[in-house]
Every structure is written in structure tokens, then in C-alpha cells.
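Student: Kindly return the folded structure for what I paste below:
(one chain, ligands or ions: 1)
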Amino acid sequence: MNILVLNSGSSSLKYQFFRWPNPQPVGSGLVERIGANTDASLTHKVFNSANPAAPPVERRDSLPLPDHETALHEVVRLLTEPPGGIIQNPDEIAVVGHRVVHGGETFAATTFINEEVKAAIRRLFALAPLHNPANLRGIEVAERLFPQARQVAVFDTAFHQTLPEYAFRYALPTALYAEQRIRKYGFHGTSHQYVAAQAAEYLQNSDARLITIHLGNGCSMAAVRAGRSLDTSMGFGPLSGLVMGTRSGDVDPSVLLHLLGPLGYSAGQVSTLLNQESGMLGLSGANDMRDISRALAAGDARAQLAYEIYAYRIRQYIGAYAAVLGGLDAIVFTAGVGENDALVRRLVCREMSFFGLELDEELNEQRESGLRDLSGVGARARVLVIPTNEELAIARQCAELLG
Ligand code: AMP
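Tutor: Numbering: from 1, shown residues only. Below is the predicted model:
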């Protein structure tokens, strides 16, 4: 079965093509700067299915792509045209799996897309103004281009719909929840669910108490027991919780009132500040952990403090989530920083014996792919690194939905 996974952003389109049940993608790509004044850039890769370790055949193009429709047309051309063509005809695609950021309280699971589902995604525009409109655009274009395929939506919020009400409610007047649906939703659900399932399988414990730590450009943690999310650090939007590349994470709301009142910021300026100018960028002057780590090595004090704040916040949430879970079987690091940055893992696991966590410093420094168990001698809870793979998780959920 051919599955195309699409992640449609406001000016970008990411895709992976699977010949299910082969978990290795056959093709993948990224289109950026769709609708910009300059040319869009397109990178398309075709993998060698006989030898997944072989480097993919890659082609890069710069061309004008005014909208998502023309961008997806171009992707179809690359998928179908010789010499690199993977299929002969778009009708060979059986399922298109769409990443949709916000499913609100409507969607607790992956679902086939119909008119009702699209209307619900549209109703949620107010809750995810940057993402849901772009996601819906991707769905509508795919419906036109692949009329034979089943369209499936996989929601970033769905995994966290199992949070109990005492965890997802804010202590605000009840009417704001009842009438405006203001509550914690949580994000990165596909990633937390995927690595939690891998960890439970590795531990051979279907009831495992896990803390999953997704550290990418955006960062979030989840408390997961028996495959169910019990709490998570992002909330109504993706700003709360951990320190991120450019997003603040937890800030006392009084600071925002101070900015909006005495300091004269507009709502738009506060939004820009919290989303684009804060986090590691605000603290250290750079948002990419590789740059901050180089600055740290060169003795930059701001970089050192930024690392400490970043790790301290994660440690606080480990304490909180161990309490939520009533114990701990493993913590799981994932995504760009979690998988690659040994220093972050070392700072997080420092003096965590109380929680049963012991890090093997040597294993921590080694660069290896796949699931890694970095637990040291005497550990009562494991320290795992598990590469996340949201596209594969989406393809798998599509296949499961089709039965
Ligand atoms: P993601 O959102 O999972 O793609 O993660 C992107 C982030 O991962 C980048 O902004 C980097 O800060 C970080 N990252 C990627 N590779 C490395 C690395 N080798 N060492 C440290 N951080 C990395």
C-alpha cells in the first residue's frame, strides 16, 4: 500500500512516501518559501529500498511556486516522472496522511477526513491560527490531486486528550472553559506517543511509567503511563512549559500584564516577543543548540546560563511528572536536541539518583543511531534516547485505521 504523508505549513510542504508495510520511506522532500516573492526551493530524495543505508538520490530545484496547489503538483511530477519516479500514476497512492496541529476536544484519535472533519478543523482556526489553516489547505489540495486516495488526519493534540480534567483545566472562571474551550491541549502528541510506545516495548512493560522529553525547535514533556498521556507541558498553545529555541516556556502571567500595561507593548508585540525572541535566543543570542554549544565551549557566560536554565526547567518537570506517575520506569530523550546534545542530557540527569536515574557518562557521549539505553550502574529507572519519527508514526496510524 502506498502512503503519502504530508505536513503542510504556511509556506512549506514536507512529505514522505511509504510502500507500507516497509517502514523505510521510498521518497521524501521539502518545499520551502511557497508563495514568496522569490523562487521556492524544493529538495526531493529517493531512497534505495534494496539498501536503506545507501545515500539517497537527491535533487534540488529553485522555481516559482505561488501556492500549495502548484507545489504539490510539482511533488507529484517528481514522484511520477522518470528517471527518479517512484510511481507511474497518482492514483497508485492509497492513503494521504495529513499532520494536523489542532484537533481541539473533537479529535482524540486519527480519523478519515470528510466534510464534517474539515468543518471541525476550520472551527479550530481560532485556536491554531498559524497552523490549522495551512493544514486544511494541504488537505483540500490533496483531495483534488489524489481523488482516489483516502485522506486521513493525524492530530498533534489527540494523544493528550486522555489528560484527566484536573490536569487539563486552568483555575480560571468555569465559563471560559465551558464557553471558550480554554484549557490545556498539549502538542507534539504524535512524537510523545511514538517514543513512549517504543520505550514500553523496549522495557517489555505495557504499564510503564514514562516521562517523554521532546527537545526540538519546540520543546515539551509528557507523563505517560500504560500508553496514555496523563500530563504535558505545553498547554492552550505551544508557549508554556520548557525553554525552547525561540519560545519562552513558562512565564508568570504578571510579566505579560506588565508588558501590556506600564511598558506599553501591544498584543502583537508580546506575541512576537514570546514566540520568536525568547527562549534560548533571548537568553544567549542564538537559538540553535549547536551554535550555543560552540559559544559555551568558547567560554561564553550567557551560553552557560542558558544551558543551565534549559536543563533546570526539564529537571523541574521530571520531579513534577514522577509525582504525577507515582514513580518512574524511564525518561526518554527525543528530537534534535534530545537525540544529539550530550551536555543537555548530562545536566538534566545530574544528581537525579533520588528518582532512580543514573547516566552512564561514556555511553552518553557516544554518537549512535537508534534506541540507546544510557543508564548507568545502580539505575532503578532507565535513561533512554529514542529517535522520533513523526512521519513513520503518521503512516503507521493510517495503515492501522485502514485495518
Ligand atoms: P527538530 O525540531 O527535532 O528538528 O530539532 C531541531 C533542533 O535540534 C535544532 O534547532 C538544533 O538546535 C537541534 N540540533 C540538531 N542537531 C543537533 C546536534 N547535533 N547537537 C545539538 N543540537 C542539535
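Student: For C219, see how far away the residue of the stretch 251-400 of the chain found nearest the ligand is.
Tutor: Nearest residue of the stretch 251-400 of the chain to the ligand, counting by Cβ to the nearest ligand atom: G336, 2.0 Å away. (Each C-beta comes from the backbone N, C-alpha and C, glycine too.) In this view, G336 and C219 are 10 Å apart by Cβ to Cβ, to the nearest Å.
Student: higher neighbour count, these two?
Tutor: Neighbours were counted for G336 and for C219 using other Cβ atoms under 10 Å; C219 has more, 28 against 17.
Student: Just give the number of residues close to the residue nearest to G356 when sequence neighbours are not counted.
Tutor: Distances taken as Cβ to Cβ, 6 or more residues apart in numbering put R380 closest to G356, at 3.1 Å, once the chain neighbours are dropped. For R380, the neighbour count with other Cβ under 10 Å is 13.
Student: For whichever strand or helix holds R122, give me every contacting residue.
Tutor: Counting by DSSP states H and E, the element that carries R122 is helix 115-123. Residues outside helix 115-123 that contact it (Cβ atoms under 8 Å, 6 or more residues apart in numbering) are 100, 102-104, 106-107, 111, 132, 135-136, 139-140, 153.
Student: Just the element for the residue in the stretch 51-200 of the chain that the ligand sits nearest to, please.
Tutor: Going by Cβ to the nearest ligand atom, the ligand is nearest to S191 of the stretch 51-200 of the chain, at 8.5 Å. S191 is part of helix 189-203, with elements assigned from DSSP H and E.
Student: what packs against that helix?
Tutor: Here helix 189-203 touches strand 209-215, strand 219-225, strand 228-232, strand 330-334, strand 382-385, helix 390-402, going by 3 or more Cβ pairs under 8 Å, 6 or more residues apart in numbering; DSSP states H and E.
Student: Give me the contact status of the fourth one with the ligand.
Tutor: In this case it means strand 330-334. No - against the ligand, strand 330-334 shows no contacts by Cβ under 6 Å from any ligand atom, the least distance being 8.0 Å.
Student: Run the chain-centre distance for the helix or strand following that strand.
Tutor: Remark: after strand 330-334, the chain's next helix or strand is helix 335-340, criterion DSSP H and E. Centroid separation for helix 335-340 versus its chain: 12 Å, with Cα atoms, centre = their mean, to the nearest Å.
Student: now what about helix 335-340, what contacts it?
Tutor: 191, 213-217, 219, 289, 333, 344-345, 367, 385, 387-388.
Student: Same check on stretch 26-42?
Tutor: Stretch 26-42 is contacted from outside by 11-19, 43-47, 49, 56, 60-68, 71, 74-75, 78-79, 84, 86, 391, using Cβ under 8 Å, 6+ apart.
Student: Quick one: the helices in the stretch 201-350 of the chain, in order.
Tutor: Using DSSP state H, counting those that start in this stretch, the helices of the stretch 201-350 of the chain run over 253-260, 267-276, 279-284, 289-297, 301-325, 335-340, 342-349.
Student: Switch the ones you listed over to CSV; also include mean pLDDT and distance to G237.
Tutor: CSV is the format used below for those (pLDDT from 0 to 100; distance: least, Cβ to Cβ, whole Å):
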stretch, mean pLDDT, distance to G237
helix 253-260, 98, 13
helix 267-276, 97, 9
helix 279-284, 98, 14
helix 289-297, 97, 23
helix 301-325, 98, 17
helix 335-340, 97, 19
helix 342-349, 98, 24
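Student: Distance to E201 added to those helices, as JSON lines?
Tutor: JSON lines is the format used below for those (distance: least, Cβ to Cβ, whole Å):
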{"stretch": "helix 253-260", "distance to E201": "40"}
{"stretch": "helix 267-276", "distance to E201": "36"}
{"stretch": "helix 279-284", "distance to E201": "33"}
{"stretch": "helix 289-297", "distance to E201": "28"}
{"stretch": "helix 301-325", "distance to E201": "18"}
{"stretch": "helix 335-340", "distance to E201": "18"}
{"stretch": "helix 342-349", "distance to E201": "21"}
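Student: Only the buried residues of stretch 285-294, if you could.
Tutor: Neighbour-count burial for stretch 285-294 flags A286, N287, M289, I292, S293 (criterion: 16 or more other Cβ atoms under 10 Å).
Student: Quick one: residues contacting the fourth one.
Tutor: To tie it back to what came earlier, the one meant is I292. Counting by Cβ under 8 Å, 6+ apart, I292 makes contact with M280, S284, A286, A303, A306, Y307.
Student: The contacts of stretch 26-42, buried ones only, as a PyMOL selection?
Tutor: Entered in PyMOL, the line below selects the buried ones among the contacts of stretch 26-42, by 16+ other Cβ under 10 Å:
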select buried, resi 12+13+14+15+16+17+18+19+44+45+46+47+56+65+68+71+74+75+78+79+84+86+391
